[in-house]
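K.L.:
sequence first, then the predicted structure:
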Amino acid sequence: MKFALSLGGNIGDVEKRFDMVEKTLADAGVTELRRSCVYVTAPVGCVPGTPDFKNQALTGECKNSPEELFALLQSLERLSGRPAVHSSRESRTLDCDLILWGDEVIDTPLLTVPHPRARQRQFVLEPLNEIAPEMMFPDGTTVAQAWALLQKDLA
């Protein structure tokens, strides 16, 4: 299944961690990996004084389940020093969010896809639009359309 991730972080060598995510996914059998440029963005909803984040989108094809991919992503966050229990309002070494899983809707206690705030976040849509403007949300809206709508809201 084709998937989209949003990667982020603002502590330490974030770009090295992005490289590690891609290598680990490739080693796990994920194919057709594509990465956006790295974007530097101001923190959203974080405590005052939080430094800027680096963000990147990554897409690929995965034969595993979305839950298996999510578990792998969580293990990479832990390996990078992010605590299992953490505040979304604080700095982090690595954040790996599963944004899209094909055009499916997943709503379980463990996983919600599409990511519930993806369409409201420039740091998700702008990098994803760079590499996968044609990917669709379950309602048929493409990433490019969602990005265009968000740009209008931001203007």
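P.N.:
It's in. Numbers count the residues shown, from 1 in each chain.

K.L.:
and the gap between Pro127 and Asn64?
P.N.:
Using CB to CB, to the nearest Å, we find Pro127 at a distance of 23 Å from Asn64. Where C-beta positions appear, they are placed from N, C-alpha and C, glycine not excepted.

K.L.:
which of these two has more neighbours?
P.N.:
Legend: neighbour count by other CB atoms under 10 Å for Pro127 and Asn64, higher for Pro127 (25 against 15).

K.L.:
residues in contact with the more buried one?
P.N.:
The contact partners of Pro127, taken as CB atoms under 8 Å, 6 or more residues apart in numbering, are Ser6, Ser36, Cys37, Tyr39, Asn55, Gln56, Ala57.

K.L.:
among those residues, name the buried ones.
P.N.:
Taking 16 or more other CB atoms under 10 Å as the criterion, what is buried in those is Ser6, Ser36, Tyr39, Asn55, Gln56, Ala57.

K.L.:
picking that back up, nearest to Ala71 among the contacts of Pro127?
P.N.:
Minimum distance to Ala71 across those is 17.3 Å, recorded for Ser6 (CB to CB).

K.L.:
might you list the low-confidence residue ranges for the chain?
P.N.:
Within the chain, the stretches with pLDDT under 70 are 83-89.

K.L.:
mind running it again at 80?
P.N.:
Where the chain drops to pLDDT under 80, the residues are 82-90, 155.

K.L.:
for it, what spans make up the helices?
P.N.:
Under the criterion DSSP state H, helices of the chain are mapped to 14-27, 66-79, 122-131, 143-154.

K.L.:
out of those, deepest packed?
P.N.:
helix 122-131 (a mean of 22; mean count of other CB atoms under 10 Å).
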